[in-house]
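S.K.: below are the sequence and a predicted model; questions follow.
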Amino acid sequence: MKIRLSTTEAIASLLNARNGETLSARERHLYREALHALVRLAKSELMMEMKSNVKKLTASPYLRARAARSAERSRQQQFEFHQDR
């Protein structure tokens, strides 16, 4: 049977594994908040990657070609701008 921990439970077990008895209340709070921030960051990165993959899979060939041409024009303009200096 697979046991699934919530984020809060997983963070609590990490704090307890990190010599929870020797940490002050302030240190426990800082570790807990830092771990929550890392979880939020990982979730947002995963969501952005999923959205990007869905966009790539669902875009029509015409839209992909148009986006590629637009990116190429942007790179050329940037190169020409830097060349004038």
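M.R.: Cool, the structure landed. Just so we're clear, the structure is a prediction, and the values are computed from it rather than from any experiment.
S.K.: please count neighbours and contacts with C-alpha atoms only from this point.
M.R.: Fine.
S.K.: which helix in this protein runs the most residues?
M.R.: helix 25-58 (DSSP state H).
S.K.: for that helix, the distance to its chain's centre please.
M.R.: Remark: helix 25-58 is offset 5 Å from the chain centroid, using Cα atoms, centre = their mean, to the nearest Å.
S.K.: quick check: the one residue sitting closest to the centre of the chain vs residue 38, distance?
M.R.: The centre of the chain sits closest to residue 45, judged by Cα atoms, centre = their mean, with a distance of 1.9 Å. Between residue 45 and residue 38 the distance is 10 Å, computed by Cα to Cα, to the nearest Å.
S.K.: ok, residue 32 next?
M.R.: Residue 32 is 10 Å from residue 38, where distance means Cα to Cα.
S.K.: between these two, which one's more packed in?
M.R.: residue 32 (16 against 11; other Cα atoms under 10 Å).
S.K.: which residues touch the more buried one?
M.R.: 11, 12, 15 (Cα atoms under 8 Å, 6 or more residues apart in numbering).
S.K.: show me these that map onto helices.
M.R.: Using DSSP H, the contacts of residue 32 in helices are 11, 12, 15.
S.K.: who's in contact with the second one?
M.R.: Spelled out, it's residue 12. residue 32.
S.K.: where's it relative to residue 27, distance?
M.R.: 13 Å.
S.K.: residue 65 now?
M.R.: Look at residue 65 and residue 27: by Cα to Cα, they are 52 Å apart.
S.K.: what do you get for residue 56?
M.R.: For residue 56, the distance to residue 27 equals 43 Å [Cα to Cα].
S.K.: and residue 70, by the same measure?
M.R.: 50 Å.
S.K.: kindly report the same for residue 46.
M.R.: 29 Å.
S.K.: what does the pLDDT read for residue 25?
M.R.: We have a pLDDT of 86 for residue 25.
S.K.: from residue 12, how far out is it?
M.R.: The value you get for residue 25 to residue 12, if Cα to Cα is used, is 13 Å.
S.K.: so where's the protein uncertain?
M.R.: Scanning the chain for pLDDT under 70 picks out the ranges 1-2, 18-21, 77-85.
S.K.: cool, thanks, talk later.
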